[in-house]
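Asker: task: produce atomic coordinates for the following.
(2 chains)
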Number of protein chains: 2
Amino acid sequence: MTHQPRVVIIGAGFAGIEAAKKLGKHRVNVLLIDRHNYHTFIPMLYQVATAILYPHQVVYPLRRLFRGFSTVNFLQAHVEKVDFDQQIIQAENTTIDYNYLVIATGSQTQYLGVTGAMENTFPMRTLTDAIAIRNQVLSRFEQAVKVTNEAERIRLLTFVIVGGGATGVELAGSLSELINSALGKDYPSLNRDRSQVILVQSGERLFASYPEKLGKYTEKWLRRQGIKVHLNSKVSKVTSEAVYLEDDTAIFTDTVIWTAGVLAAIPQTKQPVKTATKEKILVEQTLQLCGYENVYGVGDVSYVESEEEFNGVAQEAIQQGKTAADNIRRQISGKIPLPFDYFNKGRLAIVGKHAGVGKIGKFAIKGFIAWFLWLEVHLVYLPGIRNRLGVLFNWLKYYFFGESASRIIISTNRVRSNK
Amino acid sequence: MTHQPRVVIIGAGFAGIEAAKKLGKHRVNVLLIDRHNYHTFIPMLYQVATAILYPHQVVYPLRRLFRGFSTVNFLQAHVEKVDFDQQIIQAENTTIDYNYLVIATGSQTQYLGVTGAMENTFPMRTLTDAIAIRNQVLSRFEQAVKVTNEAERIRLLTFVIVGGGATGVELAGSLSELINSALGKDYPSLNRDRSQVILVQSGERLFASYPEKLGKYTEKWLRRQGIKVHLNSKVSKVTSEAVYLEDDTAIFTDTVIWTAGVLAAIPQTKQPVKTATKEKILVEQTLQLCGYENVYGVGDVSYVESEEEFNGVAQEAIQQGKTAADNIRRQISGKIPLPFDYFNKGRLAIVGKHAGVGKIGKFAIKGFIAWFLWLEVHLVYLPGIRNRLGVLFNWLKYYFFGESASRIIISTNRVRSNK
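Answerer: Model (predicted):
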């Protein structure tokens, strides 16, 4: 080992790659570990699930991302255990030592104890999940062409989304558009009225973390598209045939997409860590772990007390990754770490074609302007010029000519991945 | 049923879609059946396996392909049985009747009785196969970074291709280029000398069906790239650790790609069919099945006696598909079918960057001109303007700037698909 301190970053999400870039720019030795060899641009995943974008357009290979950073190394591995006292990480028969550690492992799906949810629903967190949903939806159409039983056809063409947050709403709007366009063009023999998208939300309004009027606007917009919105509805059970609500309503469907719960994805640690809501690691104002001043927790995996309300959006992770990197550099040069100070740039979500919602500072915006801003902001943050051009091309084609990306079903196997 | 005769086509390869288009243009009722919802442009599959192209660029959704043909319908299904006497097809609980049938089901991999070949090698026939090979190759690099044992690292970076025909040669050349470029740019810590591509050919030369000098040229070219070419070598056994040749040589490797054998993929039939070499359906000069004048066999699945030597290239399938369509139209209007007359436009194959071989009429061509012609011809035949533009873009990037498509490993699971 050289005298240069080594920083290990676990997780190459928004927080992890921001920290790696900041440290790499200042020639600090970094080892970035992730189980995939690519960074996933999660805000656009739902557009892969609904065939607006191609899978490769929302990911970026990590080795290419850090090609220009000579002190940043990458390891594709699954982290098995972290030992804070020994300052080592176990990862697939390898032991890695660190001077500083950044935990940026994000979150995972939480099924809230609902019977059958894990086995019978599709999660929406990874590229593999998004591709599985796309295959599922498109192959339901192919199945629906074949069946002779009308009830079974309706069941095949019923798509249920659980969770009325950003992911659930964006999927619902986009899925409904895919269905209308696909049914019209590719399946003229299927009756549009047989198909439905149903959004189930446990709370009394959509977008609970946005101003109330945006939730109302969204609900109205979705209903106008023909989407059935169930508010104050909790799912009690999911089977391979149907989803059951707590009021005993049964919705017969072959496709339930689960976007409702979220839980921190903490790696196994030898020493116990203090946790807060949703099992997040409780960190100090400086983002350091309580009791371990050379360990940072950033992004969705951690919880920091703040006047701000954090909602798990990319900007929070990016800014925390930056703060962790700055603080590590301060520690290396003998200074004390500074507290995290969030600059809220606002939030945006897409509801459907030419319709979005957002909150920027004190202003709630909605409609075309919010939609347009979403596209612009995300295009700017998407890594890679090739991806940006490709996405722009697909968006123009989709939003102005109504033509989605190739609707190919790569595998006809039913894949329900929880990884 | 209407009075209009119905033509059922099984298989949406080159022969099947050509027949469907020809019949659709003349408003004949067609039902096209395939187990995938897309047509695969097989000659370019190896470029997906070696990360030159993206998966969606070499396939085209069948429903979109036939959107302009109001009399052509598509069914995604697996055909279980054909009954020539009853004129019906069993496909996933559905019974489909036909007046005319075109069997265009292509070929499948044949493991030539080699022990362990089916279980331990990667086939290269479908899009899923190509993606599995890409994932395997790229993840071998990630594995090689992690291992500490040098022999194991060499084993991980050894790639064996069995079969010295067009697919084997194209894969070998392209894989060797991927390795050199990837090792140089993404894995600076891995030593280039540790990696090798080995091509195993049972016969005494490569490209057995091309003029001898082209085989020699190809062999020399591949060897100059550092590829080890084993001629007169038959594989006797494949295990998860190594591939064994008949002379007892053991090559330790984690990746064996099988391009050697080929067998017709005939659907199950109630009545026995006459077969020829490689279990192909023996058809009359008119491409009709012996004894069933309303059933045609076209493309790789069938064998027609001819002065021409057929090699399973796209042109043969396309022209046979066209002939079958013309003959069915003749039969519908009370005329007798005409014999198939092959117009040999020539053949081309890529050996590597800026190097190809080909035979056009009596002329054997090689080098840059053959390479350039290959690209041009395949670009022209590729369906879809979007795919053509994308492929052209990727080729320019790859052949002139040495940058391949995103090297993403979508799944880290080891997939060995024989479907």
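Asker: put the alpha carbons of stretch A:162-175 into CSV.
Answerer: Extracted in CSV, the C-alpha atoms of stretch A:162-175 (Å, rounded to 0.1, in the frame of the first residue of the first chain):
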residue,chain,number,x,y,z
VAL,A,162,-49.3,0.0,-6.6
GLY,A,163,-48.0,3.3,-5.2
GLY,A,164,-48.9,6.9,-6.1
GLY,A,165,-45.5,8.5,-5.8
ALA,A,166,-43.4,9.7,-8.7
THR,A,167,-42.5,6.3,-10.1
GLY,A,168,-46.1,5.0,-9.8
VAL,A,169,-47.6,8.1,-11.5
GLU,A,170,-45.0,8.3,-14.3
LEU,A,171,-45.5,4.6,-15.0
ALA,A,172,-49.3,4.9,-15.0
GLY,A,173,-49.3,7.8,-17.4
SER,A,174,-46.7,6.3,-19.8
LEU,A,175,-48.2,2.8,-19.7
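Asker: would you mark the buried spots in that stretch?
Answerer: By neighbour count on 16 or more other C-beta atoms under 10 Å in any protein chain shown, the buried set for stretch A:162-175 is A:162-175. To be clear about C-beta, it is placed using only N, CA and C from the backbone, and glycine gets the same treatment.
Asker: what does the lowest-mean-pLDDT helix or strand in chain A rub up against?
Answerer: Scoring the helices and strands of chain A by mean pLDDT, DSSP states H and E places helix A:385-401 at the bottom, with a mean of 85. For helix A:385-401, contacts defined as C-beta atoms under 8 Å, 6 or more residues apart in numbering or on different chains pick out A:44, A:52-54, A:56-58, A:60, A:353-354, A:375, A:379, A:382, A:403-405.
Asker: how about stretch A:324-332: buried residues?
Answerer: Buried residues in stretch A:324-332, counting neighbours by 16+ other C-beta under 10 Å, are found at A:324-329, A:331-332.
Asker: which one of these is nearest to B:Leu138?
Answerer: Distance ranking of the buried residues of stretch A:324-332 against B:Leu138, using C-beta to C-beta, places A:Ala325 first at 28.5 Å.
Asker: quick one: residues contacting that closest one.
Answerer: A:Ala325 makes contacts with A:18-23, A:102, as judged by C-beta under 8 Å, 6+ apart.
Asker: neighbour-wise, which of those residues leads?
Answerer: Each of the contacts of A:Ala325 was scored by neighbour count (other C-beta atoms under 10 Å in any protein chain shown); the top score is that of A:Ala19, with 32 neighbours.
Asker: wait, is that residue part of a helix?
Answerer: Yes - using DSSP: H, G, I helix; E, B strand; the rest coil, the secondary structure at A:Ala19 is a helix.
Asker: quick check: closest non-adjacent residue to it.
Answerer: Spatial nearest neighbour of A:Ala19, chain neighbours left out: A:Gly321 (4.0 Å); criterion: C-beta to C-beta, 6 or more residues apart in numbering or on different chains.
Asker: what about that neighbour, neighbour count?
Answerer: Quick note: A:Gly321 (other C-beta under 10 Å) scores 29 neighbours.
Asker: now it: how far from chain B?
Answerer: Between A:Gly321 and chain B the distance is 22 Å, computed by C-beta to the nearest C-beta, to the nearest Å.
Asker: residue contacts, that residue?
Answerer: For A:Gly321, the contact set (C-beta under 8 Å, 6+ apart) comprises A:14-19, A:22, A:102, A:104, A:298-299.
Asker: among these, which pair sits farthest apart?
Answerer: The largest distance within those, taken as C-beta to C-beta, falls between A:Lys22 and A:Gly299 and amounts to 14.1 Å.
Asker: tell me the residue of the stretch 151-300 of chain A that sits nearest chain B?
Answerer: For the stretch 151-300 of chain A, the residue closest to chain B is A:Asp186, as judged by C-beta to the nearest C-beta, at 3.9 Å.
Asker: on that earlier part again, could you check the distance from the residue nearest to A:Ala19 over to A:Asp300?
Answerer: Counting by C-beta to C-beta, to the nearest Å, the gap between A:Gly321 and A:Asp300 amounts to 11 Å.
Asker: which pair in the contacts of A:Ala325 spans the largest distance?
Answerer: Spatial extent of the contacts of A:Ala325 (C-beta to C-beta) is set by the pair A:Lys21 and A:Val102 at 12.2 Å.
Asker: just the pLDDT at A:Ala208, thanks.
Answerer: The predicted structure scores A:Ala208 at 87 on the pLDDT scale.
Asker: which secondary structure element is home to it?
Answerer: Taking DSSP states H and E as the criterion, A:Ala208 maps to no regular element, lying outside all helices and strands.
Asker: distance check, it against A:Gly215.
Answerer: With distances taken as C-beta to C-beta, A:Ala208 is found 7 Å from A:Gly215.
Asker: settle it for me: which of those two has more neighbours?
Answerer: A:Gly215 (22 against 14).
Asker: the more buried one and A:Gly203 touch, don't they?
Answerer: No - counting by C-beta atoms under 8 Å, A:Gly215 stays clear of A:Gly203, with 9.1 Å between them.
Asker: from the chain's centre, how far out does stretch A:44-52 sit?
Answerer: Here the centre of mass of C-alpha atoms in stretch A:44-52, compared against the chain's by C-alpha atoms, centre = their mean, to the nearest Å, lies 12 Å away.
Asker: same question for stretch A:84-97.
Answerer: Between the mean C-alpha location of stretch A:84-97 and the chain-wide mean there is a distance of 28 Å, by C-alpha atoms, centre = their mean.
Asker: ok, and what's touching it?
Answerer: Stretch A:84-97 is contacted from outside by A:1, A:6, A:8, A:10, A:31, A:33, A:75, A:77-83, A:98-99, A:101, A:269-271, A:289, A:292, A:294-295, B:146, using C-beta under 8 Å, 6+ apart.
Asker: whichever of the residues you listed end up buried, select them in ChimeraX.
Answerer: Isolation of the buried members of the contacts of stretch A:84-97 (16+ other C-beta under 10 Å) is achieved in ChimeraX through the command below:
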select /A:6,8,10,31,33,75,77,79,82,98,99,101,269,289,292,294,295 /B:146
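Asker: which secondary structure state does A:Val262 sit in?
Answerer: State at A:Val262, reduced to three classes by three-state DSSP: strand.
Asker: which residues touch the closest residue to it other than its chain neighbours?
Answerer: Nearest-residue entry for A:Val262: A:Ser107, 4.9 Å, with adjacent residues in sequence omitted and distances by C-beta to C-beta, 6+ apart. Remark: with contacts taken as C-beta under 8 Å, 6+ apart, A:Ser107 is in contact with A:125, A:262-265, A:278, A:300-301, A:312.
Asker: from A:Ser139, how far off is A:Lys146?
Answerer: As judged by C-beta to C-beta, A:Lys146 and A:Ser139 stand 11 Å apart.
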